[in-house]
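>>> Got a sequence here, can you model it:
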Amino acid sequence: MSSLTSKGLGGLAPGTTLTAVGQLESSRQSGLGSLLGNALVSPPPPPPYNALARAIWGENPLSSLGNGFLQPATKRKAYFAFRFEDIMRVNNVRKAWCIDHPDSPTMRSFRDRSIWGKSKAQEPDSLKALMRDAVVHSSAVCVLVGTNTWQGRWVKYEIARAVADSRGLLAIHINGLNHHQRQTSDTRGYNPLKCMGVYHSPNGRYYIYELRSERDSTTRQLAWKWRPYEDFKGAVDRPQYIQSIAQGYVAPLASYTSEYDYVAQNGHGNIGAWIDRAAAAVGR
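Got it, this is the predicted structure:
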């Protein structure tokens, strides 16, 4: 496989063959996850918040100073994207402070706009319609990351809708929660936002792209390449949290959005603040 190429700060050129470079992203990642994680090594992205926001929130969005500046009456609407195989862990997260936080009025709470468990629709067009309606009435899409979440077709569509509808976007790892049957945690899953990106085309428009595994016609080896996202082909606005993308390149969403661990970072108490920050980044 050819080596990773990344020109400038705009992202990665679509069609570029990606291979693992440098050290492993995490000793816990293996197989495709390790390959994907190393494939996206790139220069540090510009900070998603301006100087004023950093002065208020600080580098840590969960600081006591930051929470003090948030308006307690504001309650964001969160759409949770996940794979149904993780439903037990997901429900632990979705029920966290859906009502006012009991510890402090400055701790953030949220409303759940998810559709799963509320509909039995199975046809692709019907599912897409439900997702469109739910996402457009939300403030942010929160991707709850389990082991195989990055492979889910509908998780990718929900991410795409967040971009298309200018909603906030964040990822929270939930494999640290004990499995409801085995009563143990699992290895952290791969962040799906690393598999999705925004492409700035030569015609000046922006499109959603995804990483796909393809076999090289010459070497017959599998490699990851950025390709147009098939379930949403229309042009989109550049997300507010991405300052710029060089024409002809893809900006991976993970480089410009926040990623958290529900257990290691006290998601039970802080998830409302995480959602709030993602929504604020797009003016929601």
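
>>> Could you list the buried residues of the longest strand along the chain?
Determined from DSSP state E, the single longest strand within the chain is strand 206-215. By neighbour count on 16 or more other C-beta atoms under 10 Å, the buried set for strand 206-215 is 206-211. The C-beta positions use only the backbone N, C-alpha and C, and glycine is treated the same way.

>>> try stretch 249-267
249-258, 260-262, 265, 267.

>>> Closest one to Asn92 out of those residues, please.
Tyr262 (8.3 Å; C-beta to C-beta).

>>> That closest one: what's it in contact with?
93, 172-174, 176-177, 268, 271 (C-beta atoms under 8 Å, 6 or more residues apart in numbering).

>>> Which of those fall within strands?
Filtering these for strands - DSSP E - leaves 172-173.

>>> By pLDDT, give me the weakest of the contacts of Tyr262.
Across these, the bottom pLDDT score, 84, is held by His268.

>>> With distance to Lys225 and pLDDT as new columns, can the buried residues of strand 206-215 be given to me in JSON lines?
As requested, the buried residues of strand 206-215 are arranged in JSON lines below (distance: C-beta to C-beta, whole Å; pLDDT from 0 to 100):
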{"residue": "Tyr206", "distance to Lys225": "19", "pLDDT": "98"}
{"residue": "Tyr207", "distance to Lys225": "15", "pLDDT": "98"}
{"residue": "Ile208", "distance to Lys225": "15", "pLDDT": "98"}
{"residue": "Tyr209", "distance to Lys225": "10", "pLDDT": "98"}
{"residue": "Glu210", "distance to Lys225": "10", "pLDDT": "98"}
{"residue": "Leu211", "distance to Lys225": "7", "pLDDT": "95"}
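
>>> tell me the two of the residues you listed that are most distant?
The widest separation within those (C-beta to C-beta) is 17.2 Å, between Tyr206 and Leu211.

>>> The host helix or strand of Ala160 - contacts with which helices or strands?
Take DSSP states H and E as the rule and Ala160 turns out to sit in helix 153-164. In terms of contacts (3 or more C-beta pairs under 8 Å, 6 or more residues apart in numbering; DSSP states H and E), helix 153-164 is packed against strand 76-81, helix 124-136, strand 140-145, strand 168-173, strand 196-200, strand 206-215.

>>> tell me the mean pLDDT for that helix?
Helix 153-164 comes out at a mean pLDDT of 96.
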